[in-house]
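Asker: Sequence first, predicted coordinates after that:
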Amino acid sequence: MKCPGQDSRYWKPGAIFQVECPACGNGVEFFKDDTTRVCKKCGHRFLNPNMDFGCASYCQHAEQCIGNLPPELMAQKEDLFRDRVAIETKRYFKGDFKRIGRAMRVARYAEQIGKEEGGSLAVILTAAYLYDMGVKGTEATHEGNATGFEKENVQPAARELLLKAGAREELIREVCEIIGHRCHPGQEGSLNLKIVSDAVMIAELEEKQKEDPSESEELARIIGRSILTKSGRILAERIVMKGKEN
């Protein structure tokens with residue numbers, strides 16, 4: 001069955017519209033489900049300015065529904081999926097603002113490192129947001145102590161959320177492998193795992209510095225020993241060692 005949003009039988013007035021070509025100003029007619037059109041006057045191809053992904057931003061069947069997307073829209077689709085995971089993470093933690101804040105920081109650091117080091121930002125950011133998923137439930141089960149018990153809850157909780165969001169199986173599998181790898185990955189870990197591990201470590205060091213500050217030399221040793229990527233070390237020094245220069 002075709003998605004009602006893409007079936008012209010269900011279209012309302014305004015589903016077919018005209019916009020000006022950004023290159024020459026000529027009028028170009030768009031249908032609501034067109035991703036791009038070519039201007040007949042100048043030959044310029046441009047994106048549908050009214051394109052609304054809706055469920056296509058996270059649905060695993062989106063390509064079957066609206067076809068292959070151009071690179072510009074694929075990037076937007078990944079951004080929307082990332083935002084959906086962030087929202088679901090906040091819903092999962094509810095009023096636990098400390099864990100929400102930590103998840104947002106880990107994701108922010110992972111994105112900065114990932115853009116410098118490479119890897120899959122979709123995997124990196126999703127794993128960063130969900131890294132502590134399940135720990136809350138584990139702490140309740142084990143009387144407030146989640147150490148050593150995270151893996152039994154974190155992966156099923158993350159898988160359930162990602163299936164709900166319509167993530168593809170390959171992404172779910174790698175994300176679950178990363179968040180289930182609670183110990184230090186070492187040099188044998190994948191690039192995506194190292195990046196997420198670095199982001200988590202930076203967030204932990206940042207929190208520790210606020211509670212029990214360490215001296216510059218000790219921080220430098222920890223960063224050199226624990227942070228696995230060059231970009232991660234640079235970011236860690238900037239965030240964790242700020243104010244330690246003197």
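Answerer: Received it, and whenever you're ready, just let me know what you need.
Asker: Which strands or helices does whatever helix or strand Ala236 lives in pack on?
Answerer: Element membership of Ala236 [criterion: DSSP states H and E] is helix 230-240. Packing partners of helix 230-240 (3 or more C-beta pairs under 8 Å, 6 or more residues apart in numbering; DSSP states H and E): helix 97-117, helix 191-211, helix 216-226. In short, each C-beta sits where N, CA and C put it, glycine included.
Asker: All the strands of this structure, in order from the start?
Answerer: Listed in chain order, the strands of the chain (DSSP state E) span 16-20, 27-31, 36-38, 45-47.
Asker: tally of neighbours for Ile113?
Answerer: Neighbour count of Ile113, defined by other C-beta atoms under 10 Å: 29.
Asker: Same question for the one 4 residues further on.
Answerer: Residues lying near Glu117 (other C-beta under 10 Å) number 18.
Asker: do the same with Asp132
Answerer: Neighbours of Asp132 under the rule other C-beta under 10 Å: 26.
Asker: OK, contacts around it?
Answerer: Going by C-beta atoms under 8 Å, 6 or more residues apart in numbering, Asp132 touches Arg99, Arg102, Ala103, Val154.
Asker: And it, what's its pLDDT?
Answerer: Looking at Asp132, its pLDDT stands at 84.
Asker: go on, the one 5 residues further on?
Answerer: Predicted confidence (pLDDT) at Gly137: the value is 46.
Asker: so what's the nearest residue to Met241 once chain neighbours are set aside up against?
Answerer: Sequence neighbours aside, Leu219 is the residue nearest to Met241 in space, at 5.5 Å (criterion: C-beta to C-beta, 6 or more residues apart in numbering). Listed by C-beta under 8 Å, 6+ apart, the contact set of Leu219 reads Leu205, Gln209, Val240, Met241, Lys244.
Asker: Would you mind checking those residues for buried ones?
Answerer: Leu205, Gln209, Val240, Met241 (16 or more other C-beta atoms under 10 Å).
Asker: hey, which helix or strand in this protein has the poorest pLDDT?
Answerer: helix 135-141 (a mean of 48; mean pLDDT, DSSP states H and E).
Asker: excluding its backbone neighbours, what's nearest the most centrally placed residue in the chain?
Answerer: Central residue of the chain (C-alpha atoms, centre = their mean): Leu125, 3.1 Å from the mean position. Spatial nearest neighbour of Leu125, excluding adjacent residues (C-beta to C-beta, 6+ apart): Arg82 at 5.1 Å.
Asker: For that neighbour, which residues are in contact?
Answerer: Leu121, Ala122, Leu125, Thr126, Tyr129.
Asker: Let's see if you can find the most crowded of those residues.
Answerer: Most surrounded of the contacts of Arg82: other C-beta under 10 Å gives Thr126, at 31 neighbours.
Asker: do you know how far that residue is from Glu206?
Answerer: 22 Å (C-beta to C-beta, to the nearest Å).
Asker: What of Ala236?
Answerer: Counting by C-beta to C-beta, the gap from Ala236 to Glu206 is 9 Å.
Asker: neighbour count winner among these two?
Answerer: Neighbours per residue (other C-beta under 10 Å) separate Ala236 from Glu206, with Ala236 holding more: 26 against 16.
Asker: Let me see the domain layout of the chain.
Answerer: As assigned by automatic domain parsing, the chain contains the domains 15-66, 73-240.
Asker: Deepest in the core, which of those domains is it.
Answerer: The highest mean neighbour count among the domains of the chain, using mean count of other C-beta atoms under 10 Å, belongs to domain 73-240: a mean of 18.
Asker: chain center to that one, what's the gap?
Answerer: Computed by C-alpha atoms, centre = their mean, to the nearest Å, the chain-centroid distance of domain 73-240 equals 10 Å.
Asker: contacting residues for the residue lying closest to Lys164 once chain neighbours are set aside?
Answerer: Spatial nearest neighbour of Lys164, excluding adjacent residues (C-beta to C-beta, 6+ apart): Glu88 at 7.4 Å. Contact analysis of Glu88 by C-beta under 8 Å, 6+ apart lists Leu161, Lys164, Ala165.
Asker: With that, I have no additional questions.
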